[in-house]
Each structure stands twice: as structure tokens, then as C-alpha cells.
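A.B. asks: using only what follows, build the 3D model:
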Amino acid sequence: MGADAEFQIPVIEFQTGSPDLTRGTEGWHHLCKRVREACETYGCFRVVYEGISRKIRDETFGLLKELAEEVPLERKQKNVNPKPYHSYFGPCSQQSLYEGFGIEDASNYDSVKSFAQLMWSHGHPYFW
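C.D. replies: All right, here's what the predicted structure looks like:
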């Protein structure tokens, strides 16, 4: 890969009703392989899913930006869990912009609300 090569994050499309989303099918295994390869090669991928509205997407990214830019580091560091990768991990240096948050059972509303209460102890209107 030369210096002029363009970096592109892999795009993986999830379609409602697709047999590729049925666990155990050949399409499912192919989709899982694409997700794994994207994570191993790039550390991330972009999800395209028509079931998520533009409004929800914009709200989600707005909240993530608020979390990254406005919540003090000391509060972020209160997100602890003995399980690996289930806690806050922040920049390793002044030049690093990478941050991550582990949320136990992130598909559960009460778990997300508990995380939000930890990050925004004064309250956040989106979660109350």
C-alpha cells in the first residue's frame, strides 16, 4: 500500500428480512466472517441498516460526541469492571484520540441508563 493509497473502512450491510441474518445459515456464516475480518484488519466497520432512521443515527452520534467531549476524564474513569474490555479505556498519550467504554449488557435499557447515570450524574434529559 503506497503513501497515496486511500484508507476505506469496510461497509457491511444488514438488510431486514435477509436470510443472511438468520443464525446458522450459510449467509449468516459469511456475514460473520466479513465482520470478523473487518475487525481483525481494520478494528472497525461501518454498518448500513435501513431499519435505523437518520434521526436515531444523528441522535446517537450526538450523544457519543457529547460523551467524548464534555464528560470529564475523572467521571469516565469511574466506568470500571473486572472483565477485560468492559471498562473505560482512554488515550494513551496526548496525541491519541482513541477512547472506549465498556457497557455490561449494552442491549438492555437499564444497563445503558445505569451507565448514563454514572457519566451524567447531574442527569441527562435523554435518559430520564
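
A.B. asks: grab the nearest non-local neighbour of Leu21.
C.D. replies: Phe14 (6.4 Å; C-beta to C-beta, 6 or more residues apart in numbering). Bear in mind the C-beta positions are built from the backbone N, C-alpha and C, glycine included.

A.B. asks: how many neighbours does the one you found have?
C.D. replies: When neighbours are defined as other C-beta atoms under 10 Å, Phe14 has 15 of them.

A.B. asks: again, but for Phe115
C.D. replies: Counted with other C-beta under 10 Å, Phe115 comes out at 19.

A.B. asks: mind telling me what element it is part of?
C.D. replies: helix 109-119 (DSSP states H and E).

A.B. asks: again with Gln8
C.D. replies: Secondary structure (DSSP H and E) places Gln8 outside all helices and strands.

A.B. asks: just give the number of residues close to it.
C.D. replies: Gln8 has 8 neighbouring residues, counting by other C-beta under 10 Å.

A.B. asks: kindly report the same for Lys113.
C.D. replies: Per other C-beta under 10 Å, the neighbour tally for Lys113 reads 14.

A.B. asks: cool, and Tyr88?
C.D. replies: Tyr88: 19 neighbours (other C-beta under 10 Å).

A.B. asks: re earlier: tell me the mean pLDDT over the helix holding Phe115?
C.D. replies: If you average the pLDDT over helix 109-119, you get 89.

A.B. asks: give me the low-pLDDT residue ranges for this structure?
C.D. replies: Within the chain, the stretches with pLDDT under 70 are 1-6, 93-96, 128.

A.B. asks: can you tell me how far Ala38 is from Cys44?
C.D. replies: 7 Å (C-beta to C-beta, to the nearest Å).

A.B. asks: fine, thanks again, bye for now.
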